[in-house]
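Student: take this sequence and fold it.
(2 chains)
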Amino acid sequence: MAREYRTIEEVTGPLMLVRGVENVKYDELGEIELADGQIRNCKVLEVEGSDALVQLFESSIGLNIEKSTVRFLGRGLELAVSRDMLGRVFDGMGRPNDGGLEIIPDAMRDVNGLPINPAARDYPNEFIQTGVSAIDGLNTLVRGQKLPIFSGAGLPHAQLAAQIARQAEVLDSEEQFAVVFAAIGITFEEADFFISDFRRTGAIDRAVMFINLADDPAIERISTPRMALTAAEYLAFDLDMHVLVLMTDITYYAEALREVSAARKEVPGRRGYPGYLYTDLASIYERAGRIKNKRGSITFVPILTMPDDDKTHPIPDLTGYITEGQVILSRDLYRRGIQPPIDVLPSLSRLKDKGIGVGKTRKDHADTMNQLFAAYSRGKDARDLQIILGEEALSEIDREYSKFSVAFEDQYVSQGFDTDRSIEETLNIGWELLSMLPANELKRVRQEYIDEFYIAEEETEVVAEEVIEKEAEADD
Amino acid sequence: MNKLSQGEVVKVSGPLVIAKGMRDADMFDVVEVSESRLIGEIIEMHGDEASIQVYEETAGLGPGEIVVSRGAPLSVELGPGLIGGIFDGIQRPLETLAEMEGDHITRGAFAHALDRDKEWEFTAKCKLGDRVTGGDIIGVIQETEILEHRIMVPPGKAGTIVEIQSGLFKVTDVVAVLETDRGAREEITLIQRWPVRIGRPYVEKMSPSAPLFTGQRPIDTFFPVAKGGTAAVPGPFGSGKTVIQHQLAKWAEADVVVYIGCGERGNEMTDVLMEFPELPDPKTGYSLMKRTILIANTSDMPVAAREASIYTGITIAEYFRDMGYSVSLMADSTSRWAEALREMSGRLEEMPGEEGYPAYLGSRLASFYERAGIVRCLSSDDEERVGVLTAIGAVSPPGGDLSDPVAQSTLRIVQVFWSLDSDLAYRRHFPAINWLTSYSLYQNKVDAWLDDNIDPEFSKLRVDAMTLLQEESELEEIVRLIGQDALSDTDRLKLESARSLREDFLHQNSFDEIDTYTSMNKQFKMLSLVMHFYYEAQKALERGVDFDRMMVLPIRDEIARFKYVPEQEVDRWYALRNEQLLSEMRELSD
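Tutor: Numbers count the residues shown, from 1 in each chain, chains lettered A, B, ... in the order given. Modelled structure (predicted):
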């Protein structure tokens, strides 16, 4: 039996100092027993001689320095993992939260995980069809990728994430698919949206959920993503499943980290966040991926709200440096009723080039994608100019680009949260839009593809109408 | 060997461990912490207490555990077997570790950097009785099809060869014995060790002048880097820093490439590991991996080893430079290295400078980049051996803001600056090197070389092209204010030509089989065609030819497709299109 200490010296915020300890290790897990028998968790942040600085995972309300005892458990924070986790809901510390029984563990896993040896990683290059044109066509997601959604307060990131979770699963029916969902500091309503959406579509049977709500202890949020990823690693690399990890909202996680750092009086980096924010976020994000000779994979879609829609804020900024791209939602598009309001120009999937083309999507995918980007970008510039100078000031060709960019937003990006487009459909819509422009403007596309896919003028309108009709049907 | 000091842990705080009883240890000695022998380095001494940065995860460490000094600073093993390898920040071979320990990196794992069992065919190049000093080549090993590994006398050693033989040897076998002037015997093996924080010696440094060709048009033509020079690529995320670094590692004209993935994504290293073996070197046709060494300390690996990785990389690069090779070193990203420095500095409770970075950030960066250069290698031979080490560092400034201390300190040191621009990246103009803000201080030297070796017209075309781009940005301001119609035909021609320059020359698709690499010959011809259209159209305008008719000439589409013409057809194609250009222009005038 581990020794019990009644030597708590001080409690400040989430930190606690215990004196006179022996044989306590860095990062060891501890339990605090309160006078009334309640148990709270904590971990060692620093040991110096016989003093241990301990971080509480839960609130310190009711903690009495004299009457509480501390036990150190000789191990780090662990999660009980098993196949039975599927369909269950846990709290942010990995305890069942749905009234069900405790999990009978197949194994206990340290939630911090271990870094993946870069030599053992397998490169993500399998296309995932999300059914969202702006992602599939232009910012393609591949298995094992980490692709965050950068959103702002009030934007429909939850709907988009739920749409991805719902539609991405059906791609390959032979493989086993699971969703791990972690709610970090979000409101009950937002968490409830996900849970009911998963119930509605039946996805809940293949989902594991970790829920830390806004009124749960902030400090618990530091463990929640690690719990979720530990579960995901078990499902992916022990049980050969393809796991999609959704996590919302990373901003609250970073704030919890800042809280601990401030309590420790550490030298702050930018905006008060600790200097190790990058390393810490990386230790979460980098757990996604594929491993050689393992069938499963972890695809990671974290969601974060950019404070004041500012992409240069440390959280989105550092995230962007670690993840393989980002999907950015735009308030401007949202106001104009574009759903999902994905701003495709600053969005990016770094792994798209490996996941598209012959045998994966279609041979013309890369060229079409580059052309759509270039044309949309030029069209947007033309529109900006048009606002200032009026339509007459534009050259003939710029006017066409301007029209193109409007049509692109209305038909390509805006598809609603319930339309599931196949990659063929997405590419065809792309060609219909490109066919609004003269063929010799399509400089990013090889001639052979123009010959094959470009729709000469008289056909254009008919086909476009057909698509719109088809979509109208789908929406019904 | 010195008496090894042994102490015990008193404090553990993340990667920082403080141990007492270390009075006998030296600063920067490597120590082994606890029974699991985690590797660390002494970075501060207070009395008999040593502050140690531990290169591995310290969870589970506690006071009272033993700390043993190895009595030597952090060093790397240099010898055959480096090429094609992937190592972590303290030179542990990751592939061997994966075989030993599985998919994840466990703590305290140890393997020699160089394979101890592999035998190499050593051919002696010296004979008994030869007098040799540090840097002299005593023999060679064909390490890969394209790289001859030259076995040198380690710096600081000298004597007369009393034993030497060719044959099959393991890296630790003695291949030669020297007798020093004092009569002592010095054994030379295939392996030598060198402390990473100290630059390897050379005779003298020379001024870089020849360009390092990279096959990337915006770089080679507009912002060239010289062999032995230094360059920095700062840019916000998503602007293509890593793609540029990969392109340079793939195509830069070097004998050996050292690629340091410092605190970056694991998948990027995997990309290199899986892609490079498949790609042929444009010069030799053999796989690129046969000349590449990877140092990988991905962002989830321990932070202290990240700090060491960049020194490990450059020491290996210097070793190959000393053999007389041209070595290119890419570090992606030095910002992550600086952050590791900041994190350790914070834990040491040092007084922070700007943005929490330690005050010595600038000097550390400078001393890293200064290890690049073109040097006369250490050797007693009469024939001069020249080695080249070119260093290219990526910088990831927060929010793309170049006032960041790491970016600023870097800009003060490097000679070439490729400024990546997120606006260009959004337009999918890659490489997103902004032509108005980037610069190269090697331009003049390189221009002279290009005029002499490629075409006498080269530098004139480049200057004209640059002027055109400059004028475009001014004209665009005007268009934004008063519209396109207000421009004269001459100005509209400038805009159109600048656009052609951007789209048909500067834009380069790294993922296209042909476009990914452009020889200097092709670069010149592409630029020449774009510019000659401009010159001819200017003349035609003067003759009164209609502007709009010129803009729809078939030759313009051909210019746009030049980038996809394979290298072997370039000369014929160029001659053909040049004629087409002239004849179409002539028809318009008639």
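Student: excluding its backbone neighbours, what's nearest the residue in the stretch 401-550 of chain B that chain A sits nearest to?
Tutor: Chain A sits closest to B:Gly483 of the stretch 401-550 of chain B, with a gap of 3.3 Å, by CB to the nearest CB. For glycine as for every other residue, the C-beta is placed from the backbone atoms N, C-alpha and C. Once flanking residues are discounted, B:Gly483 sits nearest to A:Ala393: 3.3 Å by CB to CB, 6 or more residues apart in numbering or on different chains.
Student: for that neighbour, give me phi and psi.
Tutor: With angles defined as degrees, to the nearest 10, A:Ala393 sits at phi -70, psi -20.
Student: that one and A:Leu385 touch, don't they?
Tutor: Yes: using CB atoms under 8 Å, A:Ala393 is in contact with A:Leu385, at 6.8 Å.
Student: find residues that contact each of those two.
Tutor: Residues touching both A:Ala393 and A:Leu385 (CB atoms under 8 Å, 6 or more residues apart in numbering or on different chains) are B:Gly483.
Student: in contact with the residue of chain B found nearest chain A: list those residues for me.
Tutor: Relative to chain A, the nearest point of chain B is B:Gly399 (2.7 Å; CB to the nearest CB). Counting by CB under 8 Å, 6+ apart, B:Gly399 makes contact with A:311-313, A:317, B:236.
Student: still on that earlier bit, ok, how many other residues are close to the residue of the stretch 401-550 of chain B closest to chain A?
Tutor: 17 (other CB atoms under 10 Å in any protein chain shown).
Student: report the central residue of chain B.
Tutor: B:Met330 (2.0 Å; CA atoms, centre = their mean).
Student: residue contacts, the nearest residue to B:Glu457 once chain neighbours are set aside?
Tutor: Residue nearest to B:Glu457 in three dimensions, not counting chain neighbours: B:Ser528, with 7.1 Å by CB to CB, 6+ apart. B:Ser528 makes contact with B:455, B:457, B:461, B:574, according to CB under 8 Å, 6+ apart.
Student: residue ranges of the strands in the stretch 201-350 of chain A, please?
Tutor: Assigned by DSSP state E, counting those that start in this stretch, the stretch 201-350 of chain A shows strands spanning A:207-213, A:242-248, A:289-291, A:297-305, A:325-328, A:348-349.
Student: can you redo those strands as JSON lines with mean pLDDT?
Tutor: What follows is these, written out as JSON lines (pLDDT from 0 to 100):
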{"stretch": "strand A:207-213", "mean pLDDT": "94"}
{"stretch": "strand A:242-248", "mean pLDDT": "93"}
{"stretch": "strand A:289-291", "mean pLDDT": "93"}
{"stretch": "strand A:297-305", "mean pLDDT": "95"}
{"stretch": "strand A:325-328", "mean pLDDT": "94"}
{"stretch": "strand A:348-349", "mean pLDDT": "90"}
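Student: residues contacting the residue nearest the centre of chain A?
Tutor: Taking CA atoms, centre = their mean as the criterion, A:Pro302 is the residue nearest the geometric centre of chain A, at 1.6 Å. Counting by CB under 8 Å, 6+ apart, A:Pro302 makes contact with A:146, A:148-149, A:245-248, A:250, A:285, A:319, A:323.
Student: let's see that with 10 Å instead.
Tutor: Counting by CB atoms under 10 Å, 6 or more residues apart in numbering or on different chains, A:Pro302 touches A:146-150, A:161, A:182, A:184, A:225, A:245-250, A:253, A:281, A:284-285, A:288, A:319, A:323, A:326.
Student: repeat that for B:Ile146.
Tutor: B:83, B:255-256, B:281, B:283-288, B:290-291.
Student: also B:Ala158?
Tutor: By CB under 10 Å, 6+ apart, B:Ala158 lies in contact with B:131-136, B:178, B:180-181, B:186, B:380.
Student: re earlier: out of the contacts of B:Gly399, which are inside helices?
Tutor: A:Asp317 (DSSP state H).
Student: apart from its chain neighbours, what residue comes closest to A:Leu141?
Tutor: A:Ile128 is the one closest to A:Leu141 (CB to CB, 6+ apart), at 4.7 Å.
Student: number of nearby residues for that neighbour?
Tutor: Neighbours around A:Ile128, by other CB under 10 Å: 26.
Student: also A:Gly37?
Tutor: Count around A:Gly37 with other CB under 10 Å applied: 6.
Student: can you check B:Tyr426 too?
Tutor: Neighbours around B:Tyr426, by other CB under 10 Å: 21.
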